[in-house]
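Asks: Fold the stuff below for me.
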Amino acid sequence: GVGYKDIEGERNLFLRVLNLSGECPRSHAIGDVIEIPLSSFPLSPVDFSSCFPYLFQETTPFSIKTFEDEEIALISREKESKEYIRPCLQEDDTSKIHISVDSITFPCRYHQKEASFTEKDMTLDSLCLNALYSCYPTALALLYGKNEATKVVRCPDQKGEVVLKIEVVFKKPVLVYKAITKVNYLMNFLSHPIDIIDKEITITVMERRGDCPKGHNVGDVFTLNLYNSEKLCPASFFTIFPFYYDIKNESGKGCKVPCPDCVGTRYNIV
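Replies: Here you go, the predicted model:
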C-alpha cells in the first residue's frame, strides 16, 4: 500500500507491506511501514523512477533525460569515463528476453490465462521500450485525472532527444462519459471499485533533435494498450522493464516479478 501524509508541513511517503511470498532480502515483513521523508530524499520520486532501470548498467557512465526534462548523470561504481553510453535497448538485447505468465492470483482484463510475450507484445505499435517507460507514469495520470488532457515528455536518450506528446482521446459522447464516471464513483463509494476505461491514450512524436536508434520520426503516433489482452499489461511492463538491464548484462539468470496489483499476476522473465 502507498500513501502520503503531511507532517509538520513536510510531505512524507508511506509504504506498507500488505503481502509477502517467500523471503525478502531486506527482511521486510507483512505489516511493516516504511516512511520516506520526500524533503530529504536525494532524488524526487519522478527522477528516481526515471533513473532506476539504468542503475543496472554495468558499463561506462551515461546521462539521461528524466520525465521532467532535467539531465541527470549516472556514474558507474567501478570506473569513471567520459564516454557516453546510450541507454536505449537494442533489438539484439530484447529479442533474447522472454516474459511468461507464471501464476494468476486473480484474473484481470489483460491476463486471464497463462501466456508468453516477446518485445513485439510490449506495445501495440512497436514504440521504443525506453520511451514507453518514460511515458507510462504520465499516461496513467492523464487516464485517471481530470484537469489535463495533454502532457509532453522526453525519451531518456540524450543524443536522440525525442519529444513525445501524450494525449487523452475521448471515444464516446460527453453524456456517456459522464454516466461512466458516475458509475465509477458509485462503485468506489460502495467499496466495490471497477475500472471502466472510457478513453484512449495516444503518444505522438513531436520533435527529434538527433538520431533515434528505433527510427521514430516526427508525426509517428502510438496508442497505449488499454484493451488488447494478447499484449502485455502496460502497468506490468513498467514493473518488469528495469529487470531487462539486469538480465541483459547477465548479472541475472532470470527472475519472477509480480504485477503492481497485490492480488494480480506473477511473471517469469528469462
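Asks: From residue 270, how far off is residue 158?
Replies: Here residue 158 is placed at a distance of 31 Å from residue 270 (C-beta to C-beta, to the nearest Å). C-beta: built from backbone N, CA, C; applies to glycine.
Asks: Looking at the two, which one has more neighbours?
Replies: residue 158 (18 against 13; other C-beta atoms under 10 Å).
Asks: Which parts of the stretch 1-150 of the chain are helices?
Replies: Applying DSSP state H, counting those that start in this stretch to the stretch 1-150 of the chain gives helices spanning 45-51, 91-94, 129-144.
Asks: of all the ones you listed, which lies closest to residue 209?
Replies: helix 129-144 (14.2 Å; C-beta to C-beta).
Asks: Output that closest one as CSV, restricted to C-alpha atoms.
Replies: Provided in CSV are the C-alpha atoms of helix 129-144 (Å, rounded to 0.1, in the frame of the first residue of the first chain):
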residue,chain,number,x,y,z
LEU,A,129,10.5,0.4,-24.8
ASN,A,130,12.7,3.1,-23.2
ALA,A,131,10.2,5.8,-24.5
LEU,A,132,7.2,3.8,-23.3
TYR,A,133,8.8,3.5,-19.8
SER,A,134,9.2,7.3,-19.8
CYS,A,135,5.7,7.9,-21.0
TYR,A,136,3.7,5.4,-18.8
PRO,A,137,3.5,7.4,-15.4
THR,A,138,2.3,10.5,-17.2
ALA,A,139,-0.1,8.4,-19.4
LEU,A,140,-1.5,6.8,-16.2
ALA,A,141,-2.0,10.2,-14.5
LEU,A,142,-3.9,11.5,-17.6
LEU,A,143,-6.0,8.4,-17.9
TYR,A,144,-7.4,8.8,-14.3
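Asks: that's a strand at residue 164, yeah?
Replies: Yes. Residue state for residue 164 (DSSP: H, G, I helix; E, B strand; the rest coil) corresponds to a strand.
Asks: Residue 206 is in contact with that one, correct?
Replies: Yes. Assessed by C-beta atoms under 8 Å, residue 164 is found in contact with residue 206 at 6.7 Å.
Asks: More neighbours: which of the two?
Replies: Neighbour count, other C-beta under 10 Å: between residue 164 and residue 206, residue 164 has more, with 26 against 14.
Asks: Which residues are in contact with that one?
Replies: Counting by C-beta atoms under 8 Å, 6 or more residues apart in numbering, residue 164 touches 131, 134-135, 152-155, 203-206.
Asks: which of those residues lies closest to residue 189?
Replies: residue 135 (31.4 Å).
Asks: That closest one: how many residues sit nearby?
Replies: 26.
Asks: Show the contacting residues for it.
Replies: With contact set as C-beta under 8 Å, 6+ apart, residue 135 has these partners: 127, 153, 164, 166, 203, 224.
Asks: is it fair to say the second one lies in a helix?
Replies: No. Judged by three-state DSSP, residue 153 forms no part of a helix; its state is strand.
Asks: Now do the shared contacts for residue 164 and residue 206.
Replies: Counting by C-beta under 8 Å, 6+ apart, the shared contacts of residue 164 and residue 206 are residue 152.
Asks: Okay, and the beta partners of residue 152?
Replies: Using DSSP bridges, the beta-bridge partners of residue 152 come out as residue 165.
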